[in-house]
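>>> Sequence plus predicted model, see below.
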Amino acid sequence: MKKITSKLILLALIINLTACGTLFYPERIGQRHSNEVDIKIAVADGIGLLFFIVPGLIAFAVDFNNGSIYLPPRYGSNDKGVKVVTTDREIDNEYLEAMLDQEFDIQVDLDASSTLIDKNMSLDEIRLLNAS
């Protein structure tokens, strides 16, 4: 009985360790899927599939199940945190306040003395500012 139990435990450990995404990026386990597969992990799992069919299939199954084969959401190509609003007219303070209230449910008084208005920044400058 001890032999069977020890072999099952060893088999379970080997199955969990054959997944390259689980080995290389354990912090990705259980993350939300970005729907973009990390090509390095897919190639590493594919090499396992090329040489050893069963461990390769297990590696893919474990990485997909854990979510460790996917890139973290911040590496995704679509910026889900940025909402672009377009308009046909010139933007003044009143219109901008109404748009912020309507689109984002943010109440702002741009004419208040405590409101600091700086230069317009491009989207790339805002990303760099948020990154630092």
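Happy to help now that I have it.

>>> which SSE is residue 96 in?
helix 93-104 (DSSP states H and E).

>>> ditto for residue 87
Assigned by DSSP H and E, residue 87 falls outside every helix and strand.

>>> If you count neighbours, what's buried in stretch 97-113?
Of all the residues in stretch 97-113, those buried under the rule 16 or more other Cβ atoms under 10 Å are residue 97. Placement of C-beta: from N, CA and C, glycine included.

>>> One more: stretch 20-31?
Those would be 20-22, 25, 28, for stretch 20-31 by 16+ other Cβ under 10 Å.

>>> same question, stretch 40-53
Result for stretch 40-53 [16+ other Cβ under 10 Å]: buried residues 41-42, 44-45, 48-49.

>>> List the ones among those that fall in helices.
41-42, 44-45, 48-49 (DSSP state H).

>>> Let me have these in JSON lines, extended by distance to residue 69 and pLDDT.
JSON lines is the format used below for these (distance: Cβ to Cβ, whole Å; pLDDT from 0 to 100):
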{"residue": "41", "distance to residue 69": "5", "pLDDT": "87"}
{"residue": "42", "distance to residue 69": "6", "pLDDT": "88"}
{"residue": "44", "distance to residue 69": "10", "pLDDT": "84"}
{"residue": "45", "distance to residue 69": "7", "pLDDT": "85"}
{"residue": "48", "distance to residue 69": "13", "pLDDT": "77"}
{"residue": "49", "distance to residue 69": "13", "pLDDT": "78"}
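
>>> Residue 128: which of those is nearest?
residue 41 (28.3 Å; Cβ to Cβ).

>>> Residue 70 versus the nearest residue to that closest one once chain neighbours are set aside, what's the distance?
Distance criterion Cβ to Cβ, 6 or more residues apart in numbering; nearest residue to residue 41, sequence neighbours excluded, is residue 21 at 4.2 Å. Distance, residue 21 to residue 70, using Cβ to Cβ, to the nearest Å: 8 Å.

>>> Give me the common contacts of these two.
28, 38 (Cβ atoms under 8 Å, 6 or more residues apart in numbering).
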